[in-house]
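Engineer: Please work out how this folds:
(one chain, ligands or ions: 1)
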Amino acid sequence: MIITDYISTLADNPYFGAGFGLFGVGFGAALLRKSYQTSLILFRRHYMITLEVPCRDKSYQWLLQWMTYKGAKQTQHLSVETSFEQKDSGHVKTKYDFIPSIGTHFFRYGRSWIKVERTREQHTLDLHMGTPWETVELTAFGRNKQMFFEILEEARQMALERHEGKTIMYTALGSEWRPLGHPRRKRPISSVILDTGISDKIMDDCQEFISTPSWYIDRGIPYRRGYLLYGPPGCGKSSYITALAGELGFSICVLNLSERSLSDDRLNHLLSVAPQQSIILLEDIDAAFTSREDTAQQKAAFEGMNRVTFSGLLNCLDGVASTEARILFMTTNYIDRLDPALIRPGRVDLQEYIGWCSRDQIEKMYLRFYDGENAMSESRVFSDKVMSFQTDISPAQIQGYFMLHKHSDPKDVLDNCEMICKMRKKG
Ligand SMILES: Nc1ncnc2c1ncn2[C@@H]1O[C@H](COP(=O)(O)OP(=O)(O)OP(=O)(O)O)[C@@H](O)[C@H]1O
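Structural biologist: Sure thing, here's the model as predicted:
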């Protein structure tokens, strides 16, 4: 009784009525907001698709390029990426690419709209690169993931087309491979003139290796092949490997074993994450390690120079078998300084001496540089003269000499041959 009296007095109280009304409005608004949020979440969950691409992923760079070409026209908020491109004429051109900046952008892709959110974490670093952590998130209506596959594939194709006819050189940065400068134009294999049969022998071996993965896998043999090119400087070891990579459509990952920050673990990691279809190149391998039979004094000179140990390197070379072809090239000027363990079969499967010019090489080099009507006979005279010096001549010396006589008469070229001996051994 007392309670009903109390309620009826409250109902008559205008302040209470107004308060209750306000409470009702607030409650209603909160309910509306909550249900709006819930339905938004449900809508996003069931009717929208999202793709997050972190900067560590391989497709991140492709996607940025894709956004540069597809999206930059459709947004007004841009950041710039400056690059230099060398033309065939040698002229260097500066290029500015506009990438949609950090923030939210809307692009049209086919008939759909996509929201592209590029974010950069101020407090998180990509520890390997030392750069701020970035992600790109794509959001679209619908449930069809196919669109994202198409975008990634388009971005990948775009990246491949940019590199068509080029050889990409990679260098190790932290625990990752990063392109070193711009992709270079492929060097024609015919421009590197080695002694008869050597070029074909290496090329055939590589091609045979690449085309027979199942042969290795069926027999439980690790699917990798090691090559050693040795010989005096300036005879074409590096040039040949570059040309070979171009011919095979491979990129080149150059590793400097003398680098101080390279540890056994990092080397192992780098070898296992090398880009697909790439040649790993360890140049001047003798500079990093000497033969174990060398004197203690010599050993001491190398100890502490870097953190890759000899046994660490051997382990890395023997590393985990992968289904991806691994082609590793080593070069040295001094094969006798190498430890036999480093070049035993399995680590080095094919070794070739790339030596001083033979008569045949000299003639072929002449014909590559001069193509007058008497070039054939001139090339023979030229090679006779060079051979008569009875001294070791490298192709780099011959190339250096021809460069001095770019526009000279053949007669001048033949008459001044002695200059070749004065050229530095490596051009
Ligand atoms: N066999 C060759 N045919 C054509 N050009 C060559 C040849 N050998 C060397 N050259 C030229 O000489 C220069 C030096 O050659 P390269 O660096 O390939 O020699 P290398 O044997 O790797 O020397 P190093 O042992 O010092 O590294 C290049 O410009 C290259 O074009």
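
Engineer: quick one: contacts for residue 358?
Structural biologist: Residues near residue 358 by C-beta atoms under 8 Å, 6 or more residues apart in numbering: 195-196. In short, each C-beta sits where N, CA and C put it, glycine included.

Engineer: For it, grab phi and psi.
Structural biologist: phi -100, psi 170 (degrees, to the nearest 10).

Engineer: pLDDT wise, what is it at?
Structural biologist: On the pLDDT scale, residue 358 is placed at 93.

Engineer: can you check residue 321 too?
Structural biologist: pLDDT recorded at residue 321 is 50.

Engineer: Same question for the one 4 residues further on.
Structural biologist: Predicted confidence (pLDDT) for residue 325: 78.

Engineer: now swap in the one 3 residues further on and tell me
Structural biologist: The pLDDT attached to residue 328 in the predicted structure is 94.

Engineer: tell me the contacts of residue 398?
Structural biologist: Here residue 398 is in contact with 357, 362, 365, 386, 420 (C-beta under 8 Å, 6+ apart).

Engineer: Tell me which helix or strand the third one sits in.
Structural biologist: This points to residue 365. Taking DSSP states H and E as the definition, one finds residue 365 inside helix 359-369.

Engineer: Give me the subset of the contacts of residue 398 that also touch the ligand.
Structural biologist: Residues shared between the contacts of residue 398 and the neighbourhood of the ligand: none [C-beta under 6 Å from any ligand atom].

Engineer: Between which two of the residues you listed is the distance greatest?
Structural biologist: For the contacts of residue 398, with distances taken as C-beta to C-beta, the pair at the greatest spread is 365 and 420 (11.1 Å).

Engineer: For this protein, which residue gets nearest to the ligand?
Structural biologist: For the chain and the ligand, the shortest gap (C-beta to the nearest ligand atom) falls at residue 236, measuring 2.8 Å.

Engineer: Go ahead and confirm that residue touches residue 192.
Structural biologist: Yes - the pair residue 236 / residue 192 is scored as a contact, 5.1 Å apart, by C-beta atoms under 8 Å.

Engineer: re the thing from before, which strands or helices does the helix holding residue 365 pack on?
Structural biologist: helix 375-388, helix 395-404 (3 or more C-beta pairs under 8 Å, 6 or more residues apart in numbering; DSSP states H and E).

Engineer: re earlier: next, the residue of the chain closest to the ligand: phi, psi?
Structural biologist: Dihedral pair for residue 236: phi 110, psi 20, per degrees, to the nearest 10.

Engineer: Report how many residues lie close to it.
Structural biologist: The criterion is other C-beta atoms under 10 Å. On that basis, residue 236 has 26 neighbouring residues.

Engineer: Also residue 157?
Structural biologist: Applying other C-beta under 10 Å, I find that residue 157 has 12 neighbouring residues.

Engineer: and the least confident of the contacts of residue 398?
Structural biologist: Among the contacts of residue 398, residue 420 has the lowest pLDDT, at 83.

Engineer: What helix or strand is that one located in?
Structural biologist: Assigned by DSSP H and E, residue 420 belongs to helix 419-422.

Engineer: who touches that helix?
Structural biologist: 386, 389, 391, 393, 397-398, 401, 404.

Engineer: I only care about the residues you listed that end up buried; give me the ChimeraX line for that.
Structural biologist: Restricted to buried positions by 16 or more other C-beta atoms under 10 Å, the ChimeraX selection for these reads:
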select :386,393,397,398,401
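
Engineer: Could you pull up phi and psi at the residue nearest to residue 241 when sequence neighbours are not counted?
Structural biologist: Excluding the flanking residues, the one nearest residue 241 by C-beta to C-beta, 6 or more residues apart in numbering is residue 329, at 5.2 Å. Note on residue 329: backbone dihedrals following degrees, to the nearest 10 are phi -110, psi 140.

Engineer: for residue 77, same thing?
Structural biologist: Listed backbone geometry of residue 77 is phi -110, psi 110, with angles given as degrees, to the nearest 10.

Engineer: And the pLDDT at it?
Structural biologist: You'll see residue 77 listed with a pLDDT of 75.

Engineer: Next up, the contacts around it.
Structural biologist: 100-101, 103, 105.

Engineer: I'd like the residues you listed laid out as a markdown table, including secondary structure.
Structural biologist: Formatted as a markdown table, these follow (DSSP: H, G, I helix; E, B strand; the rest coil):
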| residue | secondary structure |
| --- | --- |
| 100 | strand |
| 101 | coil |
| 103 | strand |
| 105 | strand |
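
Engineer: Can you classify the closest residue to residue 209 other than its chain neighbours as helix, strand or coil?
Structural biologist: Setting aside the residues directly before and after it, residue 209 is nearest to residue 225 in space (C-beta to C-beta, 6+ apart), at 4.7 Å. Three-state call for residue 225 (three-state DSSP): strand.

Engineer: tally of neighbours for residue 75?
Structural biologist: 18.

Engineer: Can you say which helix or strand has residue 11 in it?
Structural biologist: The secondary structure element spanning residue 11 is helix 2-12 (assigned by DSSP H and E).

Engineer: And the next helix or strand past that helix?
Structural biologist: Toward the C-terminus, helix 2-12 is succeeded by helix 14-47 as the next helix or strand (DSSP H and E).

Engineer: elements contacting that following helix?
Structural biologist: In terms of contact count using 3+ C-beta pairs under 8 Å, 6+ apart, helix 14-47 is assigned no packing partners among helices or strands.

Engineer: so it versus helix 2-12, what angle?
Structural biologist: 90 degrees (axes from the mean of the first three to the mean of the last three C-alpha atoms, to 10 degrees).

Engineer: where along the stretch 101-250 of the chain do the strands fall?
Structural biologist: If DSSP state E, counting those that start in this stretch is used as the criterion, the strands of the stretch 101-250 of the chain fall at 103-109, 112-126, 131-141, 166-167, 169-173, 176-179, 184-185, 224-230.
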